[in-house]
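> Output the structure for:
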Amino acid sequence: MKIEFTGRHVEVTPAIRSHVESHFKKIEHIFNDSTARAHVIIDVEKGRHTGEIILSWRDHTLTTRVTNKDMYQALTRAIDKLEKQALKLKKKIIDSKQNSRKTRAAKTASPAEEAVADATGKRPRIILARRYAVKPMTPEEAALRLSEDSDQFIVFRDAETDRVGVLYKRKDGNFGLIEP
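Okay, here's the model as predicted:
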């Protein structure tokens, strides 16, 4: 990791450099490659010591700024904030990669199919039961016909809109209508 220092109204001493570098060694494991670059800006104004760190890593920029009476405490807190931001970013990157793998796997099988496949060891098959003649009728006519049959649903073409609909029996005794 490359670290650059800039001092505004103050000279960057070797002690400050070693302090910052020792703290960055503790969080270097987060940035497991050498592409990370940090720019440390130290500013003193009216007794307020400000430590600002701008870190560039992989196409991301993390920025922290802390003001304190002591320069060393300001830099330590800024590095702590930077560590929290970096861990959050790294977790987000890892989660997005893992979720993309899950969505690729989900395209091949639905979660219900996976649960059944895990329980039985086989994937469920689609078995063609029978064919339906989709007749034009109103939803009310479909409800009358469904109440007469022992079937749980009926597929029909709506006579008014010419769309295909599905009417099914609900557990509460009513009928449910599915329209595209």
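> Going by residue numbers, what spans are helices in this structure?
14-27, 71-108, 111-120, 139-148 (DSSP state H).
> Okay, now the unreliable bits of the chain?
33-34, 100-121, 129-130, 132 (pLDDT under 70).
> What distance do you get for the residue lying farthest from the centre of it to Ile154?
No residue in the chain sits farther from the centre than Glu148, which is 49.2 Å out by CA atoms, centre = their mean. Taking CB to CB, to the nearest Å as the measure, Glu148 falls 10 Å from Ile154. Glycine gets a C-beta too; all of them are placed from N, C-alpha and C.
> got it, and Leu75?
73 Å.
> again with Asp95
Separation of Asp95 from Ile154 (CB to CB): 45 Å.
> Equivalent analysis for Ser96, please.
For Ser96, the distance to Ile154 - CB to CB - is 44 Å.
> give me every residue that touches the residue farthest from the centre of the chain.
Counting by CB atoms under 8 Å, 6 or more residues apart in numbering, Glu148 makes contact with nothing.
> Show me how the protein divides into domains.
2-108, 136-178 (automatic domain parsing).
> how about Ile27, what does it touch?
Ile79, Leu82, Glu83, Ala86.
> residues in contact with the closest residue to the second one other than its chain neighbours?
So that's Leu82. Excluding the flanking residues, the one nearest Leu82 by CB to CB, 6 or more residues apart in numbering is Thr64, at 4.8 Å. Residues in contact with Thr64, defined by CB under 8 Å, 6+ apart, are Glu52, Ile53, Ala78, Ile79, Lys81, Leu82, Gln85.
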